[in-house]
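Enquirer: Whatever this is, show me its structure:
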Amino acid sequence: MSYDGTASGGVTNHFGEVLTGDGSETHQGLIVTDGALIPTALGANPFATITALAERSVRYTADQMGLEIDYLTRNGRNTLQVHRATSPHL
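Expert: Okay, the predicted model is just below:
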């Protein structure tokens, strides 16, 4: 992550967008959302920090692209638990 928001100070901006090498311009749609975004060792388990940065990057990108993220729809285990609570056969 660039310390000054330009390619002179790092590879990505604070949203994880990869900089082109010309100041603060970015490659459209090329986004880093893993631990490579963190510029230094954190000294603790970085899982929560990486997750928070990734979620922030995804939300920013969706907003930029005019997409809406559905935060209310349940899936996976939550749906199965709701279904089990209402059906004695599962």
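
Enquirer: mind listing what residue 20 touches?
Expert: Shown in contact with residue 20 (C-beta atoms under 8 Å, 6 or more residues apart in numbering): 7, 26, 27. For the C-beta atoms, the positions are set from N, CA and C on the backbone; glycine is no exception.

Enquirer: now, among the residues you listed, which is nearest to residue 68?
Expert: Taking C-beta to C-beta as the measure, residue 68 lies nearest residue 26 of the contacts of residue 20, at 22.3 Å.

Enquirer: quick one: contacts for that closest one?
Expert: 13, 17, 18, 19, 20.

Enquirer: Can you give me the distance of it to residue 62?
Expert: Going from residue 26 to residue 62 by C-beta to C-beta, to the nearest Å gives 16 Å.

Enquirer: List the buried residues of the one helix or strand residue 57 maps to.
Expert: Under the criterion of DSSP states H and E, residue 57 resides in helix 47-65. Neighbour counts over helix 47-65 (16 or more other C-beta atoms under 10 Å) mark 50, 53, 54, 57, 58, 61 as buried.

Enquirer: before we move on, back to that, check the contacts of residue 26 against residue 32 and report the nearest one.
Expert: Nearest member of the contacts of residue 26 to residue 32, counting by C-beta to C-beta, is residue 18, at 6.5 Å.

Enquirer: The closest one: which element?
Expert: Taking DSSP H and E as the definition, residue 18 sits inside strand 17-19.

Enquirer: And the average pLDDT for that strand is what?
Expert: For strand 17-19, the mean per-residue pLDDT is 95.

Enquirer: what ranges do the strands span in this protein?
Expert: 17-19, 26-31 (DSSP state E).

Enquirer: what comes up buried for the longest one?
Expert: Buried residues in strand 26-31, defined by neighbour count with 16+ other C-beta under 10 Å: 26, 31.

Enquirer: Then the shortest one?
Expert: If you call a residue buried by 16+ other C-beta under 10 Å, then strand 17-19 has these buried ones: 17, 18, 19.
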